[in-house]
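*Asks:* pasting a predicted model and its sequence here:
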Amino acid sequence: MGETLAGAALIDGKAFAETLRARVGAAAGAFAQATGRKPGLAVVLVGEDPASQVYVGAKGKACAAAGMASFEHRLPADTSEAALLSLVERLNQDEAVDGILVQLPLPAHLDEQAIIAAIHPDKDVDGFHVINAGRLAVGQEGFVPCTPLGCIMLLKDRLGDLSGLEAVVIGRSNIVGKPMAQLLTDANATVTIAHSRTKNLPEVVRRADIVVAAVGRPEMVKADWIKPGATVIDVGINRLPPEEGKPRGRLVGDVAFAEVAGVAGAITPVPGGVGPMTIAVLLRNTLVAAHTHAGLPAPEGL
Ligand code: GUN
């Protein structure tokens, strides 16, 4: 962190994630010493969605690099719900598996909620199970979804105490927007969740000391929406249509980075901001799951 743009400091999620991964790796080594086995993550991918294949490959590699066991299950797109449920049940019972992640989105014929509900809550390292969503809502220990947990780590690292700050979360998904708002509330920020029906969105966002954009609309948040000096966290990963002569379009966030960087106090880039945090936190959650599973106290400082 600290590199200056036209005013805004760059929040280097990639560097933060590397540090977190190194700490998780050290703790995974200590876990293996103590228990005689590595922390284990099972990743289930149904179908051939290209983006999901990239994510699943990256998760496997990150596990190996952190000294964790990775169990990949790649199933055909026409896998039945019964077959997927039976795999999840097998992974729930498997003593070598501490965390289970079923990559979303699933093919349309599969009921995502039913599959997530079948994962044992103590192996739900994605934090998507209603038990974990409920634990977060009432302030109990549980798994928190990786992307918002990564965002709150970056915010606390940048700003320290968030007490009394105005935060606006744009997007109300179960995976990012809602848990993000809860984490900010727990950190004593004053939180607004904005969404597609919000009136005068630019005006609402201009109140914010902290803006978290998680809508999936390329470069939607403009410079004149931002209070000077605000901290801007961009969760979006959007691919623009290719420019002429280029095979692939540019990757951009939900924030118009170049112009917002001229107004904000600090901002995450895309790529290299929130994205790398998601996998680092997944490893962290898997490590915590392994400790719980082995009856060991949770590792400190992660
Ligand atoms: N698809 C996109 N992001 C995620 C994630 O964090 N977890 C899972 N399971 N699927 C995803």
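*Replies:* Received it, and whenever you're ready, just let me know what you need.
*Asks:* ok so residue 233 is a strand residue?
*Replies:* Yes - assessed with DSSP: H, G, I helix; E, B strand; the rest coil, residue 233 lies in a strand.
*Asks:* who does it bridge with?
*Replies:* Counting by DSSP bridges, residue 233 is bridged to residue 212.
*Asks:* where in the protein is pLDDT low?
*Replies:* Applying pLDDT under 70 to the chain flags the ranges 1-6.
*Asks:* contact residues of it facing the ligand?
*Replies:* Within the chain, the positions adjacent to the ligand are 101, 102, 103, 104, 126, 146, 278 by C-beta under 6 Å from any ligand atom. All C-beta atoms are positioned from the backbone trio N, CA, C, and that covers glycine.
*Asks:* from those residues, pick the one nearest residue 301.
*Replies:* residue 146 (18.0 Å; C-beta to C-beta).
*Asks:* my guess is the closest one contacts residue 124. True?
*Replies:* No - assessed by C-beta atoms under 8 Å, residue 146 is found out of contact with residue 124, at 11.4 Å.
*Asks:* returning to that earlier point: next, format the residues of the chain next to the ligand as a markdown table and append neighbour count and distance to residue 52.
*Replies:* Formatted as a markdown table, the residues of the chain next to the ligand follow (neighbours: other C-beta atoms under 10 Å; distance: C-beta to C-beta, whole Å):
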| residue | neighbour count | distance to residue 52 |
| --- | --- | --- |
| 101 | 24 | 11 |
| 102 | 24 | 11 |
| 103 | 20 | 5 |
| 104 | 15 | 8 |
| 126 | 23 | 14 |
| 146 | 25 | 15 |
| 278 | 23 | 13 |
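*Asks:* inside helices: which ones of those residues?
*Replies:* Counting by DSSP state H, the residues of the chain next to the ligand place 146, 278 in helices.
*Asks:* and the residues of the chain next to the ligand as CSV, adding distance to residue 177?
*Replies:* Listed next are the residues of the chain next to the ligand as CSV, based on distance: C-beta to C-beta, whole Å:
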residue, distance to residue 177
101, 20
102, 21
103, 20
104, 15
126, 16
146, 14
278, 15
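*Asks:* need the max-distance pair from the residues of the chain next to the ligand.
*Replies:* 102 and 278, at 15.4 Å, using C-beta to C-beta across the residues of the chain next to the ligand.
*Asks:* contacting residues around the residue in the stretch 151-300 of the chain that the ligand sits nearest to?
*Replies:* Of all residues in the stretch 151-300 of the chain, the one sitting closest to the ligand is residue 278 (5.8 Å; C-beta to the nearest ligand atom). Neighbouring residues of residue 278 by C-beta atoms under 8 Å, 6 or more residues apart in numbering: 146, 147, 150.
*Asks:* please repeat the previous calculation with a cut-off of 10 Å.
*Replies:* Contact analysis of residue 278 by C-beta atoms under 10 Å, 6 or more residues apart in numbering lists 13, 17, 55, 58-59, 145-151, 176, 235, 237.
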